[in-house]
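1. with the sequence up front, the predicted model follows.
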Amino acid sequence: MELMQGPSATSVDVNTLLIVDDDEINRGILSNLFSPYYQIEEAENGRAGLSAILAGCDHLCAVLLDVVMPDMSGLEVLQRLRETDGTLLDRLPVFLITAEADAAMNAAYEMGVMDVISKPVVPYLVLRRVNSVVELFQIRRRLENRVEQQDAELLEKRQQLLEVSHGMIEALSTAIEFRSAESGGHVQRIHDITAILLTRTEFCPGLSAEEVEMLSLAAIMHDVGKIVIPDSILGKPGRLTAEEFEVMKLHTVRGGELLERIPQLRHHNSYDYAYDIARHHHERWDGRGYPDGLKGDEITPWAQVVSIADVYDALSCKRVYKDAFPREQVLEMIRTGQCGVFNPRLLECFFQVEPELAALYDNLGREGT
């Protein structure tokens with residue numbers, strides 16, 4: 001009969017039934033009853049049964065547990081299982097077998113037992129109850145395994161998309177800096193300076209490691225708007241005229257507009273940071289920056305961080321319009337506000353880690369590349 005068949009086996013199913021009873025005859029009866037459908041293991045008392053369950057819970061499909069046994073009763077076994085692993089009875093169905101069902105039933109159910117079977121057992125009913133429950137647990141295990149597999153596949157695809165997005169961001173940022181005659185190391189240094197200021201100081205406390213990485217990645221897109229600036233201005237070796245400088249200032253606004261038009265970036269975790277940084281990394285603490293004239297804490301902390309990182313790198317490296325400045329001069333210019341007015345707390349944090357930042361330029365000799 002179909003109802004009398006055991007669960008069908010799959011790669012994720014387990015098919016071993018543990019019988020825990022101190023009476024050898026009872027174990028023999030139950031073993032003969034279930035052996036056509038399951039691999040059978042036996043334990044001759046509660047303590048041995050507890051050890052067998054804890055040692056083999058991954059390959060057991062169900063446990064038949066007698067209540068009255070010497071040394072450790074079935075209820076004590078249940079209590080120890082709950083104390084050892086609070087979720088084990090959610091994963092492994094345990095059937096309590098007792099001649100005193102009324103007395104044991106409430107306590108057993110409260111401890112997580114699946115069902116209470118009265119002695120003497122009725123073979124057909126016991127088979128049907130146990131097989132049905134085991135089948136349900138096997139189905140649930142297969143579903144959980146499939147969900148875990150799907151989650152792993154989705155995570156892998158998400159990681160692949162992130163890597164593609166990261167590559168696109170880095171390629172775009174590097175193309176911009178080469179077009180403006182900056183060294184390829186500029187992008188990496190802005191990333192690293194941002195990460196150091198966010199992790200080695202208390203300027204932006206409470207950021208997670210993922211947030212720091214997203215902010216550091218967003219930082220390298222700060223000048224993406226320069227793609228629309230004419231070559232005659234972007235590569236001019238001398239000082240810009242007032243009219244040319246107004247055009248150059250547009251790279252902040254155009255950078256935000258460009259990022260808005262790239263659908264892949266809009267779905268990236270760093271997009272909001274990147275847009276804000278691209279538009280506002282030239283704002284000043286005193287409100288005299290551009291394009292929006294933001295003042296003080298109206299400027300986000302990460303835009304402030306990228307602003308000082310960009311100034312530090314620009315002063316420290318050779319550009320088409322200037323030579324690199326010596327480190328002492330760079331620090332003096334930043335300290336005295338010759339290249340923008342910064343948050344006093346940010347300046348304090350910056351000088352705190354500047355020796356670490358200076359190490360990024362050891363191979364450049366403050367000459368650029």
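-> All right, it came through fine.

2. please, where are all the strands along this protein?
-> According to DSSP state E, the chain carries its strands in the segments 16-20, 39-43, 60-66, 94-98, 115-118.

3. and the angle from the second one to strand 60-66?
-> Inter-element angle recorded for strand 39-43 and strand 60-66: 40 degrees (by axes from the mean of the first three to the mean of the last three CA atoms, to 10 degrees).

4. same for strand 39-43, what does it pack against?
-> strand 16-20, helix 24-34, helix 46-56 (3 or more CB pairs under 8 Å, 6 or more residues apart in numbering; DSSP states H and E). No exception for glycine: its C-beta is placed from N, CA and C like everyone else's.

5. how about low-confidence regions in the stretch 201-350 of the chain?
-> 264 (pLDDT under 70).

6. L60 and V20: what is the separation?
-> Separation of L60 from V20 (CB to CB, to the nearest Å) stands at 11 Å.

7. same question, V14
-> Taking CB to CB, one finds V14 at 17 Å from V20.

8. between those two, who's got more neighbours?
-> V20 (28 against 21; other CB atoms under 10 Å).

9. next one: the residue lying closest to the more buried one once chain neighbours are set aside from Y290, what distance?
-> Nearest non-adjacent residue to V20, counting by CB to CB, 6 or more residues apart in numbering: G49, 3.2 Å away. Noted for G49: a distance of 77 Å to Y290, by CB to CB.

10. compare the two (neighbour count), which wins?
-> Shown here are G49 and Y290; by other CB under 10 Å, G49 has more neighbours (27 against 18).

11. is it correct that that one is in contact with L18?
-> Yes. Proximity of G49 to L18 meets the contact threshold set by CB atoms under 8 Å, at 7.0 Å.

12. for A278, which residues are in contact?
-> Counting by CB atoms under 8 Å, 6 or more residues apart in numbering, A278 touches 221-225, 252, 255-256, 258-259.

13. can you list contacts of stretch 281-292?
-> Counting by CB under 8 Å, 6+ apart, 222, 249-250, 252-253, 279-280, 293-296, 298-299, 303-304, 306-307, 310, 340-343 sit against stretch 281-292.

14. list the buried ones in it?
-> Within stretch 281-292, the residues that count as buried by 16 or more other CB atoms under 10 Å are 281-285, 289-291.

15. again with stretch 306-326
-> 306-319, 324-325.

16. what is the nearest of these to R128?
-> Comparing the buried residues of stretch 306-326 against R128 with CB to CB picks out V306 as the nearest, at 68.7 Å.

17. tell me the spacing between that closest one and K318.
-> From V306 to K318 the distance is 21 Å (CB to CB).

18. same check on I25?
-> Taking CB to CB, one finds I25 at 93 Å from K318.

19. N32 now?
-> Applying CB to CB to N32 and K318 gives a distance of 89 Å.

20. ok, D58 next?
-> Going from D58 to K318 by CB to CB gives 64 Å.

21. and what of Q79?
-> Counting by CB to CB, the gap from Q79 to K318 is 75 Å.
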